[in-house]
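[1] take this sequence and fold it.
(one chain, ligands or ions: 1)
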Amino acid sequence: MAQQPIDTASTQLAVDFAKGHGTENDFVLIPDPDGRLTLTEADVRLLCDRHAGIGGDGVIRVVRRSAETDEQTGVPDVQDAEWFMDYRNADGSVAQMCGNGVRVFARYLQRLGFVDSADLPVITRSGVKLVSFGVDGRITVDMGPAEDLGTSAATVRAFDSKAEYAGRAVSMGNPHLACDLSGEPAAVAGLDLSRAPSYDASFFPEGVNLEFFEQVPGASETDAHVRMRVYERGVGETRSCGTGICAVAYATLANAGKTEGTVIVDVPGGRLLTAVSPATVLLTGPAEIVAEGSTVLLRGR
Ligand SMILES: N[C@@H](CCC[C@H](N)C(=O)O)C(=O)O
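    Sure, this is the predicted structure:
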């Protein structure tokens with residue numbers, strides 16, 4: 001976990017890292033238990049660069065709670081939580097919460113031997129989230145309640161055309177617009193998410209994560225089964241988004257007049273299970289650490 005200059009005349013700082021993913025939403029983890037490292041926007045962009053860096057949808061600094069992290073999060077009561085997930089999007093922007101990232105964060109701490117029970121409270125900018133390690137290797141996160149913010153719309157291309165879709169605005173600590181495309185022909189698969197869809201910036205002054213979803217036909221053991229794609233704020237299209245999945249699960253049930261139920265959500269990177277109630281959304285899925293090593297950050301340029 002040492003962070004030390006390669007040599008005194010150098011403009012490079014060597015740092016340890018790990019690479020992990022949750023349903024292929026991938027992150028560069030930087031262990032900084034004692035909070036010695038200041039990550040700049042440029043650091044984050046370089047770490048996430050898939051050609052010049054390690055590559056990832058975001059960076060997660062793994063840091064112990066301190067007076068400084070309390071100030072950064074503004075979370076009033078962190079109880080006995082010891083670790084803070086300092087999450088940044090690939091463009092260097094800070095986000096309140098990351099549902100896949102928090103599972104990967106917990107998996108990494110478990111791998112390092114810092115977890116001695118089945119549950120781990122994690123401090124995020126959106127409050128303390130309780131993470132539970134399942135016996136089947138999956139991890140469940142108590143994400144807190146979905147907050148219904150009303151309706152808005154997004155305009156998205158489908159290769160040779162573009163269309164506006166109404167959606168339900170949902171906060172999972174971070175902002176989402178969950179647009180139901182069920183009934184449109186091959187709707188979700190046909191979207192062109194290589195470019196940013198447009199949305200109402202007066203409704204979402206801090207930007208928004210845009211989810212497009214549709215029902216999966218056929219019987220399901222859960223109350224609903226949907227598939228979705230996402231265009232993430234600060235990143236672009238990703239193969240999964242945990243908070244987006246919670247927003248979509250909430251919207252699927254709310255659109256059917258329900259406040260409670262279980263929903264399977266398929267994303268390009270895999271499958272997650274949600275359990276929605278007025279009190280909270282539980283998100284269950286995998287989390288993997290795939291590499292560990294050392295990399296360099298540029299300094300003094
Ligand atoms: N991929 C994440 C969400 C990351 C933050 C998001 N891009 C934002 O800016 O709010 C997830 O799994 O939830």
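[2] OK, contacts around the spatially most central residue of the chain?
    Centroid check for the chain by C-alpha atoms, centre = their mean gives Cys98 as the closest residue, at 2.9 Å. By C-beta atoms under 8 Å, 6 or more residues apart in numbering, the residues touching Cys98 are Phe27, Gly58, Ile60, Met85, Tyr87, Thr124, Gly242, Thr243. Placement of C-beta: from N, CA and C, glycine included.
[3] tell me which residues form a beta bridge with the second one?
    Applying DSSP bridges to Gly58 gives these bridge partners: Phe27, Asn89.
[4] show me the domain layout of this structure.
    Domain ranges of the chain: 4-137+287-298, 147-285, per automatic domain parsing.
[5] any chance of these in a markdown table, with mean pLDDT too?
    Formatted as a markdown table, the domains of the chain follow (pLDDT from 0 to 100):
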| stretch | mean pLDDT |
| --- | --- |
| domain 4-137+287-298 | 95 |
| domain 147-285 | 96 |
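[6] one step back: the contacts of Cys98 also near the ligand: which ones?
    Gly242, Thr243 (C-beta under 6 Å from any ligand atom).
[7] which of the contacts of Cys98 ranks first by neighbour count?
    With neighbours defined as other C-beta atoms under 10 Å, the most crowded of those is Thr243; it has 31 neighbours.
[8] buried set for the helix or strand containing it?
    Assigned by DSSP states H and E, Thr243 belongs to helix 242-255. Using 16 or more other C-beta atoms under 10 Å as the test for burial, helix 242-255 gives 242-254.
[9] now swap in stretch 254-262 and tell me
    Those would be Ala254, Gly261, Thr262, for stretch 254-262 by 16+ other C-beta under 10 Å.
[10] quick one: name the residues of the chain near the ligand.
    25, 89, 95, 98-101, 174, 209, 232-235, 238, 241-243.
[11] which ones among those map onto helices?
    Gly99, Asn100, Gly101, Gly242, Thr243 (DSSP state H).
[12] the fourth one touches Asn100, doesn't it?
    This means Gly242. Yes - with contacts defined as C-beta atoms under 8 Å, Gly242 counts as touching Asn100 at a distance of 4.1 Å.
[13] between those two, which contacts overlap?
    Gly22, Asn25, Gly285.
[14] mind listing which of those residues are in strands?
    Within these, residues falling in strands by DSSP state E are Gly22, Asn25, Gly285.
[15] closest to the ligand among those residues?
    Checking these against the ligand with C-beta to the nearest ligand atom, the nearest one is Asn25 at 4.9 Å.
[16] my guess is that closest one contacts Arg239. True?
    Yes - with contact defined as C-beta under 8 Å, Asn25 and Arg239 form a contacting pair (6.1 Å).
[17] those two: which has the busier surroundings?
    Taking neighbours as other C-beta under 10 Å, Asn25 and Arg239 compare with Asn25 leading, 32 against 18.
[18] residues contacting the more buried one?
    Counting by C-beta under 8 Å, 6+ apart, Asn25 touches Asp57, Asn100, Gly101, Thr238, Arg239, Ser240, Cys241, Gly242, Gly269.
[19] any idea how far Met97 is from the nearest residue in space to the second one that is not next to it in sequence?
    So the one you mean is Asn100. Nearest residue to Asn100 in three dimensions, chain neighbours excluded: Gly22, at 3.4 Å (C-beta to C-beta, 6 or more residues apart in numbering). According to C-beta to C-beta, to the nearest Å, Gly22 and Met97 sit 13 Å apart.
[20] higher neighbour count, those two?
    Each of Gly22 and Met97 has its neighbours counted (other C-beta under 10 Å); Gly22 has more, 30 against 23.
[21] distance of Asp34 relative to the ligand?
    From Asp34 across to the ligand, the span is 25 Å (C-beta to the nearest ligand atom, to the nearest Å).
[22] hang on, that residue packs against Arg65?
    No - contact criterion C-beta under 8 Å: Asp34 and Arg65 do not qualify, at 11.3 Å.
[23] who has more neighbours, these two?
    Arg65 (17 against 11).
[24] how near is that one to Ile30?
    Computed as C-beta to C-beta, the Arg65 to Ile30 distance reads 17 Å.
[25] gap between the two ends of stretch 85-98?
    9 Å (C-alpha to C-alpha, to the nearest Å).
[26] would you confirm that the residue nearest to Asn100 contacts Gly285?
    Yes - using C-beta under 8 Å, Gly22 is in contact with Gly285, at 5.9 Å.
[27] which SS class is Ala42?
    helix (DSSP: H, G, I helix; E, B strand; the rest coil).
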